[in-house]
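Chemist: give me a 3D structure for the following:
(one chain, ligands or ions: 1)
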Amino acid sequence: MSARALAAPSARLTAGAAAVCLTATALTIAAPPDADARPRETEKNAVAVGTGGAVSSVDPEATAIGVEVLRRGGNATDAAIATAAALGVTEPFSSGLGGGGFFVHYDADTGEVETIDGRETAPAAMPHDAFINPETGEPYDFFPERVTSGVSVGVPGTPATWAAALETWGSYSLGEALKPATKLALRGFVVDQTFHDQVAQNAYRFSAIEPTAQLYLPAPEVGSVFRNRDLAHTYRLLSRKGMDAFYTGSIAEEIVDVVQSPPTTGRTDLPVPPGFMKPSDLARYDVRRPPPTHNDYRGLDVYGMAPPSSGGSTVGESLNILEQFDVGAMSSVQALHHYLEASALAYADRAKYLGDSEFVDVPLAELLSDGFAAERACNIDSDRAAPKPVAPGEADGEYDTTCGGSGAPTAHPDTEGLSTTHLTVADKWGNVVAYTLTIEQIGGSAITVPGRGFLLNNELTDFSAVYDPEDPNRIEGGKRPRSSISPTIVLDDGEPWLALGSPGGSTIITTVLQTLVNRIDLGMDLPEAIAAPRASQRNTEDVTAETTFVEAYGAELRALGHTFSPTSEIGAATAIELLPDGTMQAAAEPVRRGGGDAGVVDPSPPR
Ligand code: GLU
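Modeler: Model prediction:
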């Protein structure tokens, strides 16, 4: 029996999910996006099952646009870019033209998984001490000072990613892919609580920057209609002239202007220091095409994102460690104990070895090898949590029979944002996309390019703020900061089975990992795997855990030595599973961050 058959959800659960979704999907599809339509509130549906293609994103307008592209004959890449462009309208504080991301694609014709690294890049002139306050010799406080800054803005990679993806796998032109989002920006959308709260939480930062204050303040009321005509005009310009207009034309000049001379209002005491970006940094930007990471997990092929993301290596290493144990036969508490211990070990290695592999030597093959996993797995005691932080392993090309791990754990403060968005698409031909994009913090650098309708990222804060020559994530001009973004595609017998990803800064890795373990080992179907309470052990003294997780498992895990730092929510995953009967199950986060939206082209009849 194949691993896929083993992992298939029970018929009862599948049928239940299909029934839940039928109505939902019908609602989404009944009213395709239309520039002339009145702005409307679109209901969110966490699950959809059917055929003809599927989209799962955090937003109903964006999912509806992606589903409509698939319905009209576009492929997974066309739909992914159209959905991403729509998220630039409705989720502008988590993604958009001013940011970057990582795109993973399964090609049904070739059977290959390939990637695009569209990560933001440090300007060539960025100095090692860019985040150090010259008056104190210490790093500026992370939030809001270091974040709200020209220094933190990396050269955006999202426009180049969209162009490269369409050129490589798409059937749409850039103009066709951007058209639905352009209409959406013009007709507007109904503001929900999440949008309102994200502006309200950033109101002080936004009030520091003139074009941002003009575009977003005061925080739009829930239920009001928000339009972004500037962004619509930008999308139109790029549709006509191509993405070169972003990197070498007037938009490039305007980006450099605001980074070098942030348009402050004088109404706050934020320093908003100028950044180091020059026109040449934008002109030389290009995406990279690293091979995906790959590891085998219980007969499934798991593909993820290579450096500068630490996503593929850390998810993969954790899975390889877990593969040393029969997690499926364990009690829930034992399985979770092993999950937490495995991720702590993999995070210790992430801190020691992961950075931009064009600048540092990342021992990727060894980190993803079964030999290394065995060396690391023998540090796990099923009766006792190891004191954290644990030591990293020795990626020395040799596999010890004794438990590997020595030296001081490398600890750099974890400041990655809780912003970002993930979308997953599958088309009727069998192509699949997992795409995570970001502007880092919610609201990015808070610097809007005047008249262009998009925010610039603060991705360079993902570098370690204090320079340490031993640190693979130290600041260097031209380098890409380490990411945790983990778009993942899982194949079973060479065919796509599952694709997923999540926002959540460094918790992205554990959200993807925990969802995979829930689905593959713990007998949950995909919606259950996404909804289950989460915990994230990133080699810190306490496990970051949702309150619901602590309530459910805290007492028994404490007895094993785990301690908890409770939080309200972790991540907001979206995913698609190809079910054994040939239907697609799109699943989005049901509750966290206000919930996401899943859609399919042709909903299955209830079974
Ligand atoms: N900057 C983070 C990363 O690349 C993502 C931020 C987030 O998810 O909020 O890993």
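Chemist: buried ones in the longest strand anywhere in the chain?
Modeler: For the chain, the strand reaching the highest residue count under DSSP state E is reported as strand 47-57. With burial defined by 16 or more other Cβ atoms under 10 Å, the residues of strand 47-57 counted as buried are 47-50, 52-57. Just so you know, the C-beta spots here come from the backbone N, C-alpha and C atoms, and that holds for glycine as well.
Chemist: so what does that strand touch, helix or strand wise?
Modeler: Using 3 or more Cβ pairs under 8 Å, 6 or more residues apart in numbering; DSSP states H and E, the elements in contact with strand 47-57 are helix 11-30, helix 60-71, helix 76-90, strand 421-427, strand 574-578, strand 584-588, strand 597-603.
Chemist: tell me the one of the buried residues of strand 47-57 nearest the ligand?
Modeler: Closest approach to the ligand among the buried residues of strand 47-57 (Cβ to the nearest ligand atom): residue 57, at 14.9 Å.
Chemist: with adjacent residues omitted, what lies nearest to the closest one?
Modeler: The spatially closest residue to residue 57, leaving aside those adjacent along the chain, is residue 423, at 4.2 Å (Cβ to Cβ, 6 or more residues apart in numbering).
Chemist: would you confirm that residue 539 contacts residue 344?
Modeler: Yes - under the criterion of Cβ atoms under 8 Å, residue 539 is in contact with residue 344, at a separation of 4.6 Å.
Chemist: pull up the overlap in contacts between the two.
Modeler: With contacts defined as Cβ atoms under 8 Å, 6 or more residues apart in numbering, the residues shared by residue 539 and residue 344 are 388-390.
Chemist: from these, which would you call buried?
Modeler: Buried residues within those, counting neighbours by 16+ other Cβ under 10 Å: 388-390.
Chemist: just put the residues you listed in CSV and tack on distance to the ligand, secondary structure and pLDDT.
Modeler: CSV is the format used below for these (distance: Cβ to the nearest ligand atom, whole Å; DSSP: H, G, I helix; E, B strand; the rest coil; pLDDT from 0 to 100):
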residue, distance to the ligand, secondary structure, pLDDT
388, 21, coil, 96
389, 20, coil, 95
390, 22, coil, 96
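Chemist: ok, those residues vs residue 107, which is closest?
Modeler: Out of those, the one with the shortest distance to residue 107 is residue 390. That distance is 38.7 Å, counting by Cβ to Cβ.
Chemist: tell me what the lengthiest helix in the chain is packed against?
Modeler: Taking DSSP state H as the assignment, the helix of the chain that covers the most residues is helix 332-353. With contacts defined as 3+ Cβ pairs under 8 Å, 6+ apart, helix 332-353 has these neighbours: helix 311-322, helix 370-377, helix 507-520, strand 535-536, helix 547-559.
Chemist: so where's the stretch 151-300 of the chain uncertain?
Modeler: Counting by pLDDT under 70, the stretch 151-300 of the chain shows no low-confidence range.
Chemist: what residue in it comes nearest to the ligand?
Modeler: When distances are taken as Cβ to the nearest ligand atom, the stretch 151-300 of the chain reaches nearest to the ligand at residue 154, 10.0 Å away.
Chemist: the ligand contacts on this protein?
Modeler: Where proximity means Cβ under 6 Å from any ligand atom, the interface of the chain facing the ligand comprises 416-420, 438, 440, 459, 462, 483-485, 503-505, 508.
Chemist: looking at pLDDT only, which of the residues you listed scores worst?
Modeler: Sorting the residues of the chain next to the ligand by confidence puts residue 417 at the bottom, with a pLDDT of 53.
Chemist: the closest residue to residue 237 other than its chain neighbours - how many residues pack around it?
Modeler: If the residues on either side of it in the chain are set aside, residue 237 comes closest to residue 245, at 6.0 Å by Cβ to Cβ, 6+ apart. Counted with other Cβ atoms under 10 Å, the neighbours of residue 245 add up to 17.
Chemist: dump the strand or helix carrying residue 245 to PDB, restricted to CA.
Modeler: Assigned by DSSP states H and E, residue 245 belongs to helix 244-247. Coordinates of each C-alpha in helix 244-247 appear next as PDB, following Å, rounded to 0.1, in the frame of the first residue of the first chain:
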ATOM      1  CA  ASP A 244      11.200  46.300 -15.800                       C
ATOM      2  CA  ALA A 245       9.200  49.500 -15.200                       C
ATOM      3  CA  PHE A 246       9.400  48.600 -11.500                       C
ATOM      4  CA  TYR A 247      13.100  48.000 -11.400                       C
END
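Chemist: next secondary structure after that helix?
Modeler: Remark: after helix 244-247, the chain's next helix or strand is helix 250-260, criterion DSSP H and E.
Chemist: in that next one, what counts as buried?
Modeler: By neighbour count, and taking 16+ other Cβ under 10 Å as the criterion, the buried residues in helix 250-260 are 251-252, 255-256, 258-259.
Chemist: swap in stretch 553-565?
Modeler: Residues of stretch 553-565 classed as buried under the neighbour-count rule (16+ other Cβ under 10 Å) are 553-554, 557, 560, 562, 564.
Chemist: from the residues you listed, which is closest to the ligand?
Modeler: Nearest to the ligand among these, counting by Cβ to the nearest ligand atom, is residue 564 at 21.7 Å.
Chemist: in contact with that closest one, which residues?
Modeler: 535, 542-545, 550, 554, 557-558 are the contacts of residue 564 under Cβ under 8 Å, 6+ apart.
Chemist: on that earlier part again, the residue of the stretch 151-300 of the chain closest to the ligand: what's it in contact with?
Modeler: Contacts were defined as Cβ under 8 Å, 6+ apart; by that measure residue 154 touches 100, 119-123, 457, 459-460, 480-481.
Chemist: how does it look with 7 Å?
Modeler: In this structure, residue 154 makes contact with 100, 120-122, 457, 459-460, judged by Cβ atoms under 7 Å, 6 or more residues apart in numbering.
Chemist: likewise residue 392?
Modeler: Shown here is residue 392, whose contacts under the criterion Cβ under 7 Å, 6+ apart are 348-349, 351-352, 405, 407, 409-410.
Chemist: how about TSV for those, with neighbour count and pLDDT added?
Modeler: Written out in TSV, the entries for the contacts of residue 392 read as follows (neighbours: other Cβ atoms under 10 Å; pLDDT from 0 to 100):
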residue	neighbour count	pLDDT
348	25	97
349	29	97
351	24	96
352	21	96
405	20	71
407	11	71
409	16	74
410	21	68
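Chemist: which of those sits closest to the ligand?
Modeler: Checking the contacts of residue 392 against the ligand with Cβ to the nearest ligand atom, the nearest one is residue 351 at 13.8 Å.
Chemist: the helices in the stretch 151-300 of the chain, which residues?
Modeler: Counting by DSSP state H, counting those that start in this stretch, residue ranges of the helices within the stretch 151-300 of the chain are 158-169, 174-187, 193-201, 203-206, 210-216, 229-241, 244-247, 250-260, 279-283.
Chemist: nearest to residue 377, of those?
Modeler: Of the helices of the stretch 151-300 of the chain, the one closest to residue 377 (Cβ to Cβ) turns out to be helix 158-169, at 35.8 Å.
Chemist: burial count for the residue nearest to residue 138 when sequence neighbours are not counted?
Modeler: Excluding its sequence neighbours, the residue lying closest to residue 138 (Cβ to Cβ, 6+ apart) is residue 132, at 6.8 Å. A count of neighbours around residue 132, defined by other Cβ under 10 Å, yields 16.
Chemist: make residue 1 into 12 and carry on from there
Modeler: Sure, I'll start counting at 12 from here, so that last one is residue 143.
Chemist: was I right to think residue 62 contacts residue 596?
Modeler: No - here residue 62 lies out of contact with residue 596, judged by Cβ atoms under 7 Å, at a distance of 11.0 Å.
Chemist: flag the shaky bits of this structure, pLDDT-wise.
Modeler: Those would be 12-52, 412, 415, 421-429, 617-618, if you go by pLDDT under 70 across the chain.
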